[in-house]
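predicted model, plus sequence, below.
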Amino acid sequence: MTTTTLAVLVPLLPFLGAAAGLLLGRIAPGYVRPLAVLPTLAALAPAAVVAVRQGGDAAIDSATELTPTGSVPVELALHIDGFAALVAVLVAFVATCVQIYSTGYLRDDPRYPSYAALVSLFTSAMLLVVYSGDLIVLLVGWEVMGICSYFLVGHYWETPEARAASIKAFLVTKLGDVPFLIGLFALATDAGSFRITKVLSTVANGGLHHPTLIALLLLAGVAGKSAQFPLHTWLPDAMAGPTPVSALIHAATMVAAGVYFVARLLPVFEASSAAMVVLAVMAAVTMAGSGLAALAQDDIKRVLAYSTIGQLGYMTGALAVGDRGAAVFHLLSHGAFKALLFLAAGVVIHASGTNSLAAMSRMGNLRARVPDAFWTMTVALLALAAIPPFSGFFSKESVLGAAEHAATGDTAHIPGVAGWIVLVAGLLAALLTAAYATRLWLLAFHGRGVEAPDHGRQPVAMNAVLWVLAVPSLALGGLAYRVLPDWFDGRDLTPTLTTSVLGTGVALVGGILTYGAWRHTTALVARAPLGAVAAHPEGDAGLVEAEAIASHTPAYGDVASAPDPADPGRLLLGPLHRHAATGFHLDAVYAALFVRPVLAAASLVRFLDREVVDTYVRGAGTLPRLLGAAVRRAQTGNLQTYVSALLAGTVVLTVAVLLVATGA
């Protein structure tokens, strides 16, 4: 089978699985789980074969014109370089893990068939984005992911949190997609084609007439899809969806699409120094702001959400200094350990007896209760904090090394100021990342909240997936920088001494400071009697999660009298804590600048429509009705009345004629 045929099967198999799952979900429920797992697992095999055959050599290109347009053609095209080959393997691998995990996590969920089908469709759309060689076909996958995220985030649609989160995610990403679409059309107009190869050729020949405008329009869509400042506010709220959905969105789909798009079209952005500086500033603000916000969150999933925003900031920072190899390298390693973090968080949420928005302040004595989650999550947090030899160390150091080269002027066509911005922000983010990772580990596994009743081990499928993901979280970085340089434009991924020492040093400082603050606050916390804890019937984690959201209460018992935890975040952030906990009030700013004016304008339009326009419409109907009533009164059916009226009219006309004649 040719490589092109295999590549076509990669997005096609999950799509067929989604269609079959939707059709057979109700009439043949026994096939739901196989139809969820097998198509994504089957897509992983050809994706791996395509990656091996591509091997980092020349890109694989194939295209056929869909239909004549009369102007810029739209083609069903493949463009598979080393980046596309590796990212497709990541997407298929994480999606398979999520589907297997979900068979246990949502085993009794009545809407599992539609959930599994949407996850498969989500996967297919992302794979279409990864392999697409035409920007319009890429846009199709881009938008399908948006609608899938809307349905999946709103899976527990009975709850106001899930409904609001799904609408917010959809609207904020669409806000970025409007200028993104305009930018794609402008780019295709200058290049004369939507084909990525022709666009890149046009850029190389200096054929872009408005590179800065095009780059900034495209960046708006990237900021929305990849949750970068200032369009990142939807991602923390999206935690109202099922935890496996969070793992999929954060690790391999949706948010990865924006970073991947910039990596694929990086020469377009490099054509404008101003756009690269804007990208660097966006990455820097995202890294620093999300790190501070994560350090102040009590919800374990919101901590991980802000963590994702910050790690995506590292990727966009690498792109801002012109190193797409470092960006995609971090995308791959982050996909492994972030999927592990979210799926382990699902186990922790269930075991701790808190709701989907799981408060770490209510977690207690979990290390012995969920040993699989404890050990695997420890590996993932070490990778997140970039502690050697875990995978995050190698990929994050490649980003810092690229920023160092740009700052010292070693990277052509990249403003030195962009390098300095990314380097300083990256080191600060390394400090904050280690701090909130340590805080999460301490509060989740060594907390002093209410201990929920032990209802047994998690399903084997869930624990097995955790250990599978722990392997790349531990070994991917060390393996990749030795084995995969050919897939990354031949760039040497070996960590540099300066940034390795600086990055690891500040990470250790962040972890040690957080541990010291935790020990200090622990000594100051007053011990109070624990609240009574009611038993909860055995059930799958997804139903516990759904019931808890619906009732707006912890899933197990009353924790109102639980003592406040020894939270080191409050001590470390000081007066900044309350601002960081709300995301620095950015939602309030948006509400004041956009939501309230739009609502006021809508109220004005409604008033004008109902009180002004409708008045004219009602008047247009009232006047004929009155005239009709007057005419109807004249139609009495009495012959004498008609003769009298005729004589009266004759007299009036005669008098009028005489008056006119006399006047003349």
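Yes, it's here.

and the most centrally placed residue in the chain, backbone torsions?
Centroid-nearest residue in the chain, with CA atoms, centre = their mean: residue 255, separated by 4.4 Å. Main-chain dihedrals, residue 255, degrees, to the nearest 10: phi -70, psi -30.

relative to residue 368, how far out is it?
In this view, residue 255 and residue 368 are 34 Å apart by CB to CB, to the nearest Å. Just so you know, the C-beta spots here come from the backbone N, C-alpha and C atoms, and that holds for glycine as well.

ok, residue 136 next?
Distance, residue 136 to residue 368, by CB to CB: 54 Å.

so for those two, which sits in the more crowded spot?
A direct count of neighbours by other CB atoms under 10 Å for residue 136 and residue 368 places residue 136 higher, at 20 against 9.

the more buried one - that's part of a helix, no?
Yes - under DSSP: H, G, I helix; E, B strand; the rest coil, residue 136 sits within a helix.

and the pLDDT for it?
Per-residue pLDDT puts residue 136 at 94.

again, but for residue 481
70.

got the contact list for it?
With contact taken as CB atoms under 8 Å, 6 or more residues apart in numbering, residue 481 is in contact with 329, 394, 398, 493, 494, 495.

show me which of those residues is closest to residue 92.
Among the contacts of residue 481, residue 329 lies closest to residue 92 (CB to CB), at 18.4 Å.

next, the buried residues of stretch 359-373.
Neighbour-count burial for stretch 359-373 flags 359, 360, 361, 362, 363, 364, 365, 366, 369, 370, 372, 373 (criterion: 16 or more other CB atoms under 10 Å).

immediately after the helix or strand of the chain at the bottom of the mean pLDDT ranking, which helix or strand?
Ranked by mean pLDDT, DSSP states H and E, the weakest helix or strand in the chain is helix 541-551, scoring a mean of 54. Remark: after helix 541-551, the chain's next helix or strand is helix 568-573, criterion DSSP states H and E.

and the contacts of that following helix?
292, 295-296, 435-436, 439, 442, 513-518, 520-521, 577, 580.

how about 10 Å then?
Helix 568-573 is touched from outside by 292-298, 303, 360, 432, 435-436, 438-440, 442-443, 510, 513-522, 524, 564, 567, 577-581, with contacts defined as CB atoms under 10 Å, 6 or more residues apart in numbering.

now do the buried residues in that helix.
Across helix 568-573, burial judged by 16+ other CB under 10 Å covers 568, 569, 570, 571, 572, 573.

now it - C-alpha only, PDB.
Once non-C-alpha atoms are left out, helix 568-573 reads as follows in PDB (Å, rounded to 0.1, in the frame of the first residue of the first chain):
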ATOM      1  CA  PRO A 568       1.500  27.700  49.800                       C
ATOM      2  CA  GLY A 569       0.100  29.600  46.900                       C
ATOM      3  CA  ARG A 570      -1.400  32.200  49.200                       C
ATOM      4  CA  LEU A 571       1.900  32.800  51.000                       C
ATOM      5  CA  LEU A 572       3.900  33.000  47.800                       C
ATOM      6  CA  LEU A 573       1.600  35.300  45.900                       C
END
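
distance between the helix or strand following it and the chain's centre?
The C-terminal neighbour of helix 568-573 among helices and strands, as given by DSSP H and E, is helix 577-581. Computed by CA atoms, centre = their mean, to the nearest Å, the chain-centroid distance of helix 577-581 equals 22 Å.
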